[in-house]
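J.: this one's structure only:
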C-alpha cells in the first residue's frame, strides 16, 4: 500500500516527565510530517494541558497519541526499533546516526515494515531493558563535550533526516528476498519461550546475573533483523533441542 | 589562522522574546560546538535568569554572548550572512537549505571568512530590513503544512549541518564495548556443534531439505556480527537446552 510505504517512524516517548517536552516533541514531529506518537507511562498522566500549550498547533499529533503501560507493548507491531541513548552499557548493538537510521527506515518502509524510535525520560535516559528491545542504538554525531540533547531536539533530528530522505535511495539495505522483518511481538514471544526453556533447564542459576544474561541473549537476536520465517526456524531449533535431549535420535527419516 | 578557519557561524538572535528560548538556543549551539552567540535587543534585557535555567549547562555560550543595538552592527564583522525566514517578501534572494548553507560556510571558513545566521523574534520573524542584510535566505526543507519551527530547533538544524560536515564519524558501527568479533573458526565450531545437536534430535528429518535448512540457520547467526562472548553464550544455551530436557529443573541455584 502506498500509504504504508510512506508511513514515518513511530516516536515512542518512554516515561516523559514534562508535558511541555511532549508538546514540543509533537511540534517537531509535525514539522517533519510524522504522526505516530506513542507514550509509555507519562509521569503526569494523559492528556496533559502543558503538552497542548507547547505543541504550537500540532494538536492532531497529540490527539492521536496512544498510551502504553510498557515499552514492549508500545513496539509490539514494529519490525525495526532504534533506541536513542548515549551509552550501550555493555550490550553489543550497532550504533547508527540519524541519517543512516533514516536510510534504513526508508528502505524498510518501502518493504512494508514499520519502524519506531525510543526516547527515554528527560534526565535518566532509557533503561537497559528498553535499550535491549532495540535493533540498534541511534546517536546524533554531535559535540562530544556537550552531548545532552533536549528531548524535542532529539526528535527533530530523527524526523528531519527522515523527511529529507523522501527521495533518496538507501546506501545499505538488508536483502530479504521479499520477506518481512518479524514484528517485535513475535520476537518477544520467541524470547519468552527461549527464556522459559532456559529457566526450566537451570541456565539462569545465578539470579543476580539473570537480567544481564537476558539482555545479552536479546542483543544477539535483535541485532540480526530476523524475518518471520527465521523466528519460526529458531522456535523449531529450541523445540528440537529441548525434546531431543530425552529422545533417541530418529534415524533415517 | 587555524582557529579562525574552524570557527563556526555566529548565531544572531534578533529581538528574542523568551529567555527560555535564548537558553535552549545556547544549548543547541553547545550541542554543535558553536560558541558565538549575538543578541540584538532581547525583549527582557540581558542577562536573563530564564535563559540560564534553560541552557542546561551551556553557560559558557551565554556568558560569552554579545549584545547589540541593531542587526547591522551585529553582522558588521561577518563576510557571509544568512536570514532564516519562511518568506522573502518580494526580495530577490537565493534560498538555501541548512545543508547547503553549511557547505558554503565551511568553504568560506577555509578561506578565512566569518559567517553568521540571523533568527527573528519568536512570533513575527525577521523584519524586511534584517532580511535585506543577508546574502541568502536559509530555510529547512520541512513539512510545508507545518513549517513553524521553534527558535532553538531552527538553531539546532543550522548547527547540526555545520557540525556534521566537519565530522568523519561513521554512520553505522557496531558498539562492542571493546569486545572483538568472533573469528569465523569459532562461529563454524558453534554451527557444527548446533547441527550435531539438531541431527541427534531429529531436526533434519527431510534429508533433501537439510542443506537449505543449514544455510538458513547460518544466515541468522552470521548476520549478527557475534562477539566471542556471545558465541560462548550460544554454546551455553545449546548445552542447557539439550541437557535440560532430561533433567528436572534445578531449583533456587
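T.: Noted; the coordinates are in hand. Values in this document were obtained by computation on a predicted structure and should not be read as measured data.
J.: tell me the SS of residue A:229?
T.: What DSSP: H, G, I helix; E, B strand; the rest coil gives for residue A:229 is helix.
J.: so what's the residue count around it?
T.: By other Cβ atoms under 10 Å in any protein chain shown, the residues close to residue A:229 number 12. Just so you know, the C-beta spots here come from the backbone N, C-alpha and C atoms, and that holds for glycine as well.
J.: residue A:181 is in contact with that one, correct?
T.: No - if you go by Cβ atoms under 8 Å, residue A:229 and residue A:181 don't touch, sitting 10.7 Å apart.
J.: for residue A:41, give me its contacts.
T.: A:14-15, A:68-70 (Cβ atoms under 8 Å, 6 or more residues apart in numbering or on different chains).
J.: go again using 10 Å as the cut-off
T.: A:13-16, A:67-71, A:74, A:121 (Cβ atoms under 10 Å, 6 or more residues apart in numbering or on different chains).
J.: pLDDT below threshold where in the stretch 151-253 of chain A?
T.: Across the stretch 151-253 of chain A, the ranges flagged by pLDDT under 70 are A:167-178, A:245-253.
J.: where exactly do the helices run in it?
T.: Remark: helices assigned in the stretch 151-253 of chain A by DSSP state H, counting those that start in this stretch are A:151-164, A:184-200, A:210-222, A:228-244.
J.: of all these, which lies closest to chain B?
T.: helix A:228-244 (2.2 Å; Cβ to the nearest Cβ).
J.: the closest one: which residues count as buried?
T.: A:230-231, A:233-234, A:237-238, A:240-242, A:244 (16 or more other Cβ atoms under 10 Å in any protein chain shown).
J.: ok now that helix, how far from the chain's centre?
T.: Centroid separation for helix A:228-244 versus its chain: 24 Å, with Cα atoms, centre = their mean, to the nearest Å.
J.: got any ranges where the stretch 1-150 of chain A has weak pLDDT?
T.: Where the stretch 1-150 of chain A drops to pLDDT under 70, the residues are A:1-6, A:89.
J.: the closest residue in space to residue A:81 that isn't next to it in sequence sits in which helix or strand?
T.: Among residues not flanking residue A:81 along the chain, residue A:134 sits closest, at 4.6 Å (Cβ to Cβ, 6 or more residues apart in numbering or on different chains). According to DSSP states H and E, residue A:134 maps onto no helix or strand at all.
J.: for the residue most central in space within chain A, what are its contacts?
T.: For chain A, the residue nearest the mean C-alpha position is residue A:81 (2.4 Å; Cα atoms, centre = their mean). Residue A:81 makes contacts with A:9-10, A:12, A:71, A:74-75, A:114-118, A:130-131, A:133-136, A:138, A:184, A:187, A:222, as judged by Cβ under 10 Å, 6+ apart.
J.: how about the closest residue to residue A:33 other than its chain neighbours, phi and psi?
T.: Once flanking residues are discounted, residue A:33 sits nearest to residue B:143: 4.2 Å by Cβ to Cβ, 6+ apart. Backbone torsions for residue B:143, taken as degrees, to the nearest 10, come to phi -50, psi 110.
J.: give me the neighbour count for residue B:143.
T.: For residue B:143, the count of nearby residues is 16 (other Cβ under 10 Å).
J.: tell me the contacts of it?
T.: So residue B:143 contacts A:29-34, A:159, A:163 (Cβ under 10 Å, 6+ apart).
J.: residue A:48 reaches residue A:13, doesn't it?
T.: No - using Cβ atoms under 10 Å, residue A:48 is not in contact with residue A:13; the gap is 11.6 Å.
J.: which of those two has more neighbours?
T.: Taking neighbours as other Cβ under 10 Å, residue A:48 and residue A:13 compare with residue A:13 leading, 26 against 20.
J.: right, and residue A:203 touches residue B:241 too?
T.: Yes - assessed by Cβ under 10 Å, residue A:203 is found in contact with residue B:241 at 8.2 Å.
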